[in-house]
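A.B. asks: here is the input, now give the coordinates:
(one chain, ligands or ions: 1)
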Amino acid sequence: METIKILGICGSLRQQSTNLGLLKYARKNAPQGMEVNLADLSEVPFFNSDLTDVPTSVQRFLDSLEQADALLMACPEYNYSLAPALKNALDWASRAPENHLLAGKPAAILGSGGGMGSARAQYHLRQVCVFLDIRLLNKPEVFSNAFNGSFDKEGNLTDERIQQLVVEQLTALQSWTQLLRQ
Ligand SMILES: Cc1cc2nc3c(=O)[nH]c(=O)nc-3n(C[C@H](O)[C@H](O)[C@H](O)COP(=O)(O)O)c2cc1C
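C.D. replies: As a prediction, the model looks like this:
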């Protein structure tokens, strides 16, 4: 079986991000036949169509999308919506000819936030993905709380229930990606 390459994209840029913690856990615990790499959005500027020479940081991100079979988006909640770093990354990617980097791409969303576990932001992200024609996995959904002790001080995921959910989501994403390839 060919290895499925997943690109993890984190909407939070801070080093001890709990959303990054979810992706790191996914990277370390991916099922057999799946490999998770993490995109670096730290230097990606705001989208501006005046930037006709694509910045190096953006090109690196676009190249990593090209190589990915599927996406895993970690979605923080900022003011009831998705965080700008994640939306900005999708905006850059959507400008590729025919939206070929995103259209038809299998993807899953997980996230960490306040009391609702970033659910509101995740549902905004789902709406964005409709226009981008990203093929989102429906279930399992992963809503984790950044403030209730599910993560340690470095942002590592320590909650066993969420750990199990992340692995279940990866396994479902693997099947979903294989199904869409047929
Ligand atoms: C600008 C800003 C707005 C926020 N708004 C919300 C919000 O509307 N709902 C919520 O649940 N959490 C909100 N939070 C808390 C974030 O969800 C929380 O900081 C989350 O852990 C960020 O993810 P990170 O740990 O990956 O950086 C907000 C945080 C920031 C910085």
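A.B. asks: residues near the closest residue to the ligand within the chain, how many?
C.D. replies: Proximity of the chain to the ligand (C-beta to the nearest ligand atom) peaks at G114, 2.5 Å away. (Each C-beta comes from the backbone N, C-alpha and C, glycine too.) Using other C-beta atoms under 10 Å, G114 has 15 neighbouring residues.
A.B. asks: in contact with it, which residues?
C.D. replies: 77, 145-147 (C-beta atoms under 8 Å, 6 or more residues apart in numbering).
A.B. asks: swap in P45?
C.D. replies: P45 touches 51, 55, 57-58, counting by C-beta under 8 Å, 6+ apart.
A.B. asks: try K105
C.D. replies: 65, 68, 70-71, 134-135.
A.B. asks: just the strands from this protein, written as ranges.
C.D. replies: 4-10, 34-38, 70-74, 77-78, 81-82, 106-113, 135-136, 142-145 (DSSP state E).
A.B. asks: which elements pack onto the fourth one?
C.D. replies: Judged by 3 or more C-beta pairs under 8 Å, 6 or more residues apart in numbering; DSSP states H and E, strand 77-78 is in contact with helix 119-132.
A.B. asks: for the ligand, tell me whether the helix it packs on is touching it.
C.D. replies: No: Helix 119-132 stays clear of the ligand (C-beta under 6 Å from any ligand atom), getting no nearer than 6.8 Å.
A.B. asks: model confidence at the residue of the chain positioned farthest from its centre, what's the number?
C.D. replies: For the chain, the C-alpha farthest from the mean C-alpha position belongs to D50; by C-alpha atoms, centre = their mean, that distance is 26.9 Å. pLDDT, D50: 95.
A.B. asks: the longest helix seen in the chain: which residues count as buried?
C.D. replies: Using DSSP state H to assign secondary structure, the helix with the most residues in the chain is helix 160-181. Applying a neighbour-count criterion of 16 or more other C-beta atoms under 10 Å, one finds 162-163, 165-167, 169-170, 173-174, 176-178 buried in helix 160-181.
A.B. asks: this completes my enquiry, with thanks.
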